[in-house]
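Asker: Task: produce atomic coordinates for the following.
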Amino acid sequence: MIEHVNRICGRLSKALGLSVSLPDPDEKALRAASFRSLALGTALAAAGVLLRSRGFLLLGGAGMVSGTVLRKESRKRSGKE
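Answerer: Below you'll find the predicted structure:
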């Protein structure tokens, strides 16, 4: 998925005449980002429940979804999926 997004952004930058270099994270960086995103998402969701805040709850849910997607991407890169 990251490669697909990078390809599209590369085409767009070429069409606009821009010189943009996008990062291509390795498996270790994706795992670390996944863990941080899941941890922060869980904390925000818990704060949303405790403080009865829909905003925190939604941000927490988005963080957990993001962490899950990053985890799947890191597994795909390592060949485990």
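Asker: what are the ranges of the helices in this protein?
Answerer: Along the chain, the segments classed as helices by DSSP state H run 2-16, 27-51, 54-78.
Asker: export these to a markdown table and tack on mean neighbour count?
Answerer: In this view, the C-beta of every residue, glycine as well, is placed from N, C-alpha and C. Below are the helices of the chain laid out as a markdown table (neighbours: other CB atoms under 10 Å):
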| stretch | mean neighbour count |
| --- | --- |
| helix 2-16 | 11 |
| helix 27-51 | 15 |
| helix 54-78 | 16 |
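Asker: Could I get those helices in a markdown table, plus columns for mean pLDDT?
Answerer: Shown next, in a markdown table, are the helices of the chain (pLDDT from 0 to 100):
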| stretch | mean pLDDT |
| --- | --- |
| helix 2-16 | 85 |
| helix 27-51 | 95 |
| helix 54-78 | 93 |
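Asker: Nearest residue to the residue most central in space within the chain in space, please, no chain neighbours.
Answerer: When CA atoms, centre = their mean is applied to the chain, the residue found nearest the centroid is Ser66 (4.5 Å). Distance criterion CB to CB, 6 or more residues apart in numbering; nearest residue to Ser66, sequence neighbours excluded, is Ser37 at 4.7 Å.
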